[in-house]
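# give the three-dimensional model of this entry:
(chains A and B)
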Amino acid sequence: MRLAKCLVPTLREEPADAEALSHRLMLRAGLVRQLAAGVYVYLPIGYRLLERINVIIRQEMNAIGGQEILMPVLHPAEIWKQSGRWEGIPEMFKLRDRWGRDMVLGMTHEEVVAWLAAREIRSYRDLPQIWYQIQTKERDEARPRSGILRTREFLMKDSYTLDPDVAALDRSYAAHEAAYRRIFERCGLRFHVAQSDPGMMGGLGAHEFLAPCAAGEDEIVLCAGCGYAANVEIARGVPAAPPSPSGAARGDVATPGARTIAEVSALLGIDPRLTIKSLLYVTGGGEPVLALVRGDQGLHERKLARALGEDVRPAHPDEVRQHLGAPPGSMGPVGASVRILADEHLREGVYVVGANREGYHTLGVTPDRDFPCRFVDLHAVVAGEACVQCGRPLAVEKVIEIGNIFKLGTKYATALGAMYLDESGTERPIVMGSYGIGPARIAAAAIEQNADADGIVWPASIAPFPVHIVVVSLRDAAQVAAAEEVYAACQRAGLDVLLDDRDERPGVKFKDADLLGMPVRVTVGNALARDGVVEIKERRAPRKEHRVPLDAAVSTIRSLDVLAGAS
RNA sequence: CGGGGUGUGGCGCAGCCUGGUAGCGCACCUGCUUUGGGAGCAGGGGGCCGGAGGUUCAAAUCCUCUCACCCCGACCA
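Numbers count the residues shown, from 1 in each chain, chains lettered A, B, ... in the order given. As a prediction, this is how the structure comes out:
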């Protein structure tokens, strides 16, 4: 590809609206442009990047027996009504056709797959199946952000497995996990595999593939000792034990003006770990629920929602007064007439809690003795807590979710009538799994993990072009001819190559080459006339330079380690 | 949905408080010079100042409403 004729609009200045590193660089390098919030156009280099990633995904999906299909973006509402997901998913785009029929823009394809399976799968002899597609998804996200990291329309590789039973599902699931590991390794990413919350997908189990980087929206809890890895939404951790309590007898103490844990513990001169934080929530059904965590810790709302089996929201201050008779700063569990859930690490100990009396707290309180409660895991794990498996300290990292895998079970098959006959002639529901990868998130994670101050540094496996040729001066016919020769030779050798044949000053071309981040740069400049050589450099190691004669350029490029493994 | 912020040539911004001919840098076009890390000089084109309404002799500027976008939080298959 020749830069002089192509749409590669690089920017000198930082785009004002971009915050995340990958977002800034994708805009500056001319990979994407934003059409609306969370809606992007992929320009030639950006689209090529996605296709490079998709090639790897296809190879690995095909290798485990995946069959590529293409399902529609536009769905009839019926199948979503049958699965029970027509209501209650605010991200779903809904529309009507000209006859007034309800339609859906597909955000995922379990329903369509189950519909298809219901028609085409008859017998256990037809199983197992792996169907996948690389296709556009539409989700009306509450808050698109961070460039292409969270968008309302995006490309997704989604695959679905159909199996006769759970044991077979486990095999399909394991095959996907292995394929996903290979895909992300080949894309040059550092990543973790973590247990995750199946959420509204429902089902028997789920894992996420998470790439650590600064722009990450999620957090993962990691144990270096035993390899424990889990999304903070479900991660367990053992907080450090509190110091010995003062042994104070139970009783109220005046704490005027002290409303936060920090204020209360400072006023009383005690460690915050000897206090209990009381948080009132309201369930979807309108029931108030008091959630308790240790004073130094935070509540993870997803854990609370999971324990209750329904969504919750924080109560308003007037609801706190109404149910507990005290303002938020003085509420507590003792004598409260609402359901109480306490973090499991509050089983032991004697604590200070709000007294449900404005300006007072109660000393010497022990959960389950001084008030009734149910113990569940509620607190958000923080770095330094002990691993539940091996006791070593846990770390917490920011991550981008680049893939996820779900064991769905028979929920969708049952709802949409996807049944098969087993060996004994008994009709059974097909057992499904679903598996997603976001190619654009792989791209963003690769940028986040590899960029330097000058721009992108692509892993060769997904680089839009492995080779980038810079002609220093277009006025020098010998340089132009030599560059054309290397360009043609690379193409003959099967190397995708970008030729900067723009009539620009050298500095502009070098800056853009750094920004675009192709793994190998060939500079055709003054060294050609002076020494009869071109210069070959790796983007990741700019100080190492190979000066070789023209006819050795391609063989030198091919010998570079950086291109090993790249197609 | 709650909180914060921003809308002025393609990009990045100033001007607004204190109303009075719309500016700067980059990019773009022409010419000359220049050519190994974002060139110099000269000339030039391009903006109903996000939109609507209002106040005023006069609105980018003041007021009201509205739309869009960004960030934090909530949410997230």
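# where along the stretch 1-150 of chain A do the helices fall?
Using DSSP state H, counting those that start in this stretch, the helices of the stretch 1-150 of chain A run over A:21-28, A:44-63, A:77-83, A:110-120.
# so which of those is the most packed in?
Comparing these by mean neighbour count (mean count of other Cβ atoms under 10 Å), helix A:21-28 comes out on top with a mean of 23. For every residue, glycine as well, the C-beta is placed using N, CA and C.
# list the buried residues of the least confident helix or strand in chain A by mean pLDDT.
Confidence across the helices and strands of chain A bottoms out at strand A:312-314, with a mean of 80, counting by mean pLDDT, DSSP states H and E. By 16 or more other Cβ atoms under 10 Å, the buried positions in strand A:312-314 come out as residue A:312.
# that strand: what's the following helix or strand?
Downstream of strand A:312-314, the next assigned helix or strand under DSSP states H and E is helix A:317-324.
# mean confidence (pLDDT) on that following helix, please.
Across helix A:317-324, pLDDT averages out at 82.
# repeat for stretch A:38-58
96.
# coming back round to it: any chance of the helices of the stretch 1-150 of chain A in TSV, with distance to RNA strand B too?
Shown next, in TSV, are the helices of the stretch 1-150 of chain A (distance: least, Cβ to the nearest atom of the strand, whole Å):
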stretch	distance to RNA strand B
helix A:21-28	7
helix A:44-63	14
helix A:77-83	9
helix A:110-120	9
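# of the ones you listed, which is nearest residue A:153?
Nearest to residue A:153 among the helices of the stretch 1-150 of chain A is helix A:44-63; the distance by Cβ to Cβ comes to 13.3 Å.
# could you dump the closest one to CSV, C-alpha only?
Extracted as CSV, the C-alpha positions of helix A:44-63 are listed here (Å, rounded to 0.1, in the frame of the first residue of the first chain):
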residue,chain,number,x,y,z
PRO,A,44,-7.9,1.5,6.0
ILE,A,45,-5.1,0.8,8.5
GLY,A,46,-7.6,0.2,11.3
TYR,A,47,-9.7,-2.1,9.3
ARG,A,48,-6.7,-4.0,8.2
LEU,A,49,-5.7,-4.4,11.8
LEU,A,50,-9.1,-6.0,12.6
GLU,A,51,-8.8,-8.3,9.7
ARG,A,52,-5.3,-9.4,10.8
ILE,A,53,-6.8,-10.3,14.2
ASN,A,54,-9.8,-12.0,12.7
VAL,A,55,-7.5,-14.2,10.6
ILE,A,56,-5.9,-15.6,13.8
ILE,A,57,-9.3,-16.0,15.4
ARG,A,58,-10.6,-17.9,12.4
GLN,A,59,-7.6,-20.2,12.3
GLU,A,60,-7.9,-21.2,15.9
MET,A,61,-11.7,-21.5,15.8
ASN,A,62,-11.5,-23.7,12.7
ALA,A,63,-8.8,-25.8,14.4
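# go ahead and confirm residue A:45 touches residue A:464.
Yes - between residue A:45 and residue A:464 a contact is recorded at 4.9 Å, counting by Cβ atoms under 8 Å.
# mind showing which ranges of the stretch 451-567 of chain A have poor pLDDT?
A:565-567 (pLDDT under 70).
# the same query, at a cut-off of 90, please.
The model of the stretch 451-567 of chain A has pLDDT under 90 over residues A:542, A:561, A:563-567.
# pick out the residue of it closest to RNA strand B.
residue A:525 (2.1 Å; Cβ to the nearest atom of the strand).
# how about residue A:498, secondary structure?
Put simply, residue A:498 is strand when judged by DSSP: H, G, I helix; E, B strand; the rest coil.
# contact partners for the closest residue to it other than its chain neighbours?
Nearest-residue entry for residue A:498: residue A:465, 4.2 Å, with adjacent residues in sequence omitted and distances by Cβ to Cβ, 6 or more residues apart in numbering. Going by Cβ atoms under 8 Å, 6 or more residues apart in numbering, residue A:465 touches A:1, A:48, A:496, A:497, A:498, A:518.
# what helix or strand is the nearest residue to the second one once chain neighbours are set aside on?
When you say that, I think you mean residue A:48. Spatial nearest neighbour of residue A:48, excluding adjacent residues (Cβ to Cβ, 6+ apart): residue A:464 at 4.2 Å. Counting by DSSP H and E, no helix or strand carries residue A:464.
# okay but residue A:464 is in contact with residue A:49, surely?
Yes - applying Cβ under 8 Å, one finds residue A:464 in contact with residue A:49, separated by 4.8 Å.
# tell me how far the most centrally placed residue in chain A lies from RNA strand B.
Geometric centre of chain A, nearest residue: residue A:401, 1.5 Å, by Cα atoms, centre = their mean. Distance, residue A:401 to RNA strand B, using Cβ to the nearest atom of the strand, to the nearest Å: 8 Å.
# can you tell me the SS state at that residue?
The three-state assignment at residue A:401 reads strand, by three-state DSSP.
# who's it bridged to?
Beta-bridge partners for residue A:401, by DSSP bridges, are residue A:210.
# ok, it - contacts?
A:208, A:209, A:210, A:217, A:218, A:438, A:441.
# RNA strand B next: which of these are close?
A:217, A:218 (Cβ under 7 Å from any atom of the strand).
# farthest pair within the contacts of residue A:401?
Spatially, the most separated pair among the contacts of residue A:401 is A:209 and A:217, at 14.3 Å (Cβ to Cβ).
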